[in-house]
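Novice: This is the structure alone, sequence omitted:
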């Protein structure tokens, strides 16, 4: 079985150094298929794409700055939109942007060719040869959307994802949980710094919370860049990890930092309104974690990890589910 990984952003076309949901998908698919990463090109044909048994396509808000492979990607969508081989992946944490961005493109596809985007790859060529790009927009407007994968979480309902997106029917959404592949706890660490690890210091949600906390907050990012190794050091040495929810009340979404925390016996504090129905340990507030002893924090972290593991399918089961989802394309063609 041959599977192509491609999409709208560089991280969908060239495997990034940092771990993402998309790389996790690729690692899982590699357990049963040959995986190819490729930048989408304007000269791709249906014959080129039909060489693959499945096409895993990273779909982010098309007007976002991160969609730097948009022209080749939209060209590929125009060719493959109705093919059962195509599986979209909605992996942008800023879920609220999808509806507005897709809606804007459907209203006026020419906006993708504004001067603002003139430095994108293949801009000039795509502007003069829009056949399949326009066809992709037509499909986005009038056709049934392909099966769409998204990262499942124990506290995330499919109906909420469908509501937020607004343009993909719920029966076309497939929640994928491969998190068992990431949970590999190391021995608990002692002698931590009296400081927090924080995934996004600029979050407006963090402002009022920060006034209730005593300990300083350290960003998991190295400057503006994301670096898993750097983040792991910050998380491992902290009393806890704070993961702010996404803006515009989108809630807590899949984040690799959660697994770095679970693997280092570091308790996680996030948007309790999302997580309290899942398990009480995931609804403990940050100031309560500050008031705990080191032993109590480690016990809380273990409770969080254990409850998450209980709610997560085994690796073998998760990979089987993913394989069956991709093989649906074979059934639909027959």
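Specialist: Alright, I've got the coordinates. All values derive from a computational prediction rather than experimental measurement.
Novice: On the three-state scheme, residue 104 is what?
Specialist: helix (DSSP: H, G, I helix; E, B strand; the rest coil).
Novice: is it true that it touches residue 111?
Specialist: Yes: using C-beta atoms under 8 Å, residue 104 makes contact with residue 111 at a distance of 6.1 Å. For the C-beta atoms, the positions are set from N, CA and C on the backbone; glycine is no exception.
Novice: Mutual contacts of the two, please.
Specialist: residue 63 (C-beta atoms under 8 Å, 6 or more residues apart in numbering).
Novice: where do the strands sit along this protein?
Specialist: Under the criterion DSSP state E, the chain contains strands at 2-7, 34-37, 54-59, 86-90, 148-151, 173-176, 196-198, 217-219, 240-242, 268-269.
Novice: mind giving me a markdown table with the ones you listed and columns for mean neighbour count and mean pLDDT?
Specialist: Conversion of the strands of the chain to a markdown table gives the following (neighbours: other C-beta atoms under 10 Å; pLDDT from 0 to 100):
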| stretch | mean neighbour count | mean pLDDT |
| --- | --- | --- |
| strand 2-7 | 23 | 98 |
| strand 34-37 | 15 | 98 |
| strand 54-59 | 26 | 98 |
| strand 86-90 | 22 | 97 |
| strand 148-151 | 23 | 98 |
| strand 173-176 | 18 | 97 |
| strand 196-198 | 27 | 98 |
| strand 217-219 | 17 | 96 |
| strand 240-242 | 27 | 98 |
| strand 268-269 | 28 | 98 |
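Novice: now those in JSON lines, with distance to residue 21?
Specialist: Output for the strands of the chain, formatted as JSON lines (distance: least, C-beta to C-beta, whole Å):
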{"stretch": "strand 2-7", "distance to residue 21": "12"}
{"stretch": "strand 34-37", "distance to residue 21": "15"}
{"stretch": "strand 54-59", "distance to residue 21": "9"}
{"stretch": "strand 86-90", "distance to residue 21": "8"}
{"stretch": "strand 148-151", "distance to residue 21": "5"}
{"stretch": "strand 173-176", "distance to residue 21": "8"}
{"stretch": "strand 196-198", "distance to residue 21": "20"}
{"stretch": "strand 217-219", "distance to residue 21": "21"}
{"stretch": "strand 240-242", "distance to residue 21": "18"}
{"stretch": "strand 268-269", "distance to residue 21": "17"}
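Novice: who wins for proximity to residue 226 among those?
Specialist: Closest to residue 226 of these, according to C-beta to C-beta: strand 217-219, at 10.3 Å.
Novice: Point out the other helices and strands that that closest one packs with.
Specialist: Where contact means 3 or more C-beta pairs under 8 Å, 6 or more residues apart in numbering; DSSP states H and E, strand 217-219 is packed against strand 196-198.
Novice: Give me the contacts around the strand it packs on.
Specialist: Contacts to strand 196-198, defined as C-beta under 8 Å, 6+ apart, come from residues 206, 213, 215-220, 231, 234-235, 237-242, 244, 257, 261, 266, 286.
Novice: ok, of the residues you listed, which come out buried?
Specialist: For the contacts of strand 196-198, a burial check counting by 16 or more other C-beta atoms under 10 Å picks out 206, 213, 215, 217-220, 231, 234-235, 237-242, 244, 257, 261, 266, 286.
Novice: Would you map the helices across the stretch 201-334 of the chain?
Specialist: Here the stretch 201-334 of the chain has its helices, by DSSP state H, counting those that start in this stretch, at 206-210, 228-236, 256-263, 272-275, 286-290, 294-310, 315-333.
Novice: nope, the stretch 51-200 of the chain is what I meant
Specialist: Applying DSSP H, counting those that start in this stretch to the stretch 51-200 of the chain gives helices spanning 70-80, 96-107, 123-128, 131-142, 158-165.
Novice: and the nearest residue to residue 216 once chain neighbours are set aside, how many neighbours?
Specialist: Excluding its sequence neighbours, the residue lying closest to residue 216 (C-beta to C-beta, 6 or more residues apart in numbering) is residue 195, at 4.9 Å. For residue 195, the count of nearby residues is 15 (other C-beta atoms under 10 Å).
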